[in-house]
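Undergrad: Please work out how this folds:
(chains A and B)
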Amino acid sequence: MMSMNARLVLGTATALAIATAGCVTINIYFPAAAAEKAADRIIDEVWQLREGQAGPAEAKTEEEAK
Amino acid sequence: MKLMIMLRQVFVMVALALSAFAFAQGNLEINTPAISALQKSMQQRHAQLAPLYASGALGLTADGNVALRDASGVPMAQRGQVNALVAAENADRAALYREIARANGHPEWEAEVRNTFAQRWVERAQPGWWVQGAGGWTVR
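TA: Take a look at the predicted model:
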């Protein structure tokens, strides 16, 4: 048989576990900072900005193409 | 004594759960096949779009799309092609925003993902490109 204390602990643990799981699944807030980071990584890829600050280099190749 | 040990275990479990939650908040999942494919498609199209941004024919809109801003610089014969490029780009962008929201288990985040991208596209636009703000079109 479980003691009163053990029941109390088990009850608390269950309540906390449910509350925590609730936090995770509901995830109330949109993670704005994470989204910005993700956007920047994708923009780097799409605009090819990663290899050595392509800004001026890209402008140069555009000029050469003209 | 036994109670103390059990309570400690409970707190460790809660701390672990919360730290996992915090970690999940740190990054968005963007490494899925669908997202990679869209990224690649947009990257390839960018070679054709870049001169159109530079000439001012196309601009980056406040809602995370691209738009034909000034058709006068585009020869008549190429306008159909430019329109098709814009449509394809906007379709990819819509799919990208949707896929990012979905990959992170929150399809309802799509609009917020779009807003975040809209801001980042505009802020990172190169000098000479046209971007749309609250007050209309401006050149960067």
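Undergrad: and the longest helix anywhere in chain A, anywhere near chain B?
TA: When chain A is parsed with DSSP state H, its longest helix is helix A:4-26. Yes. Using CB under 8 Å from any CB of the partner chain, we find that helix A:4-26 touches chain B at A:5, A:6, A:9, A:12, A:13, A:16, A:17, A:20, A:21, A:23, A:24. Using the backbone N, CA and C atoms, a C-beta is placed for each residue, glycine as well.
Undergrad: most surrounded residue in the residues you listed?
TA: residue A:9 (20 neighbours; other CB atoms under 10 Å in any protein chain shown).
Undergrad: Without its sequence neighbours, what residue ends up closest to it?
TA: Of all residues not flanking residue A:9 in the chain, residue B:6 sits nearest, at 4.4 Å (CB to CB, 6 or more residues apart in numbering or on different chains).
Undergrad: Next: residue B:39.
TA: Distances taken as CB to CB, 6+ apart place residue A:45 nearest to residue B:39, at 5.3 Å, with adjacent residues excluded.
Undergrad: Please apply the same query to residue B:65.
TA: Residue B:65 sits nearest to residue B:90 (CB to CB, 6+ apart), 4.7 Å away.
Undergrad: Tell me the helix or strand right after the helix or strand that contains residue B:41.
TA: Per DSSP states H and E, residue B:41 falls inside helix B:33-55. For helix B:33-55, the following helix or strand on the C-terminal side (DSSP H and E) is strand B:58-60.
Undergrad: partner strands of that next one, parallel or antiparallel?
TA: Applying DSSP bridges, strand B:58-60 is found paired with strand B:66-68 (antiparallel), strand B:130-133 (parallel).
Undergrad: which intervals of chain A have sub-threshold pLDDT?
TA: A:1-2, A:22-28, A:51-66 (pLDDT under 70).
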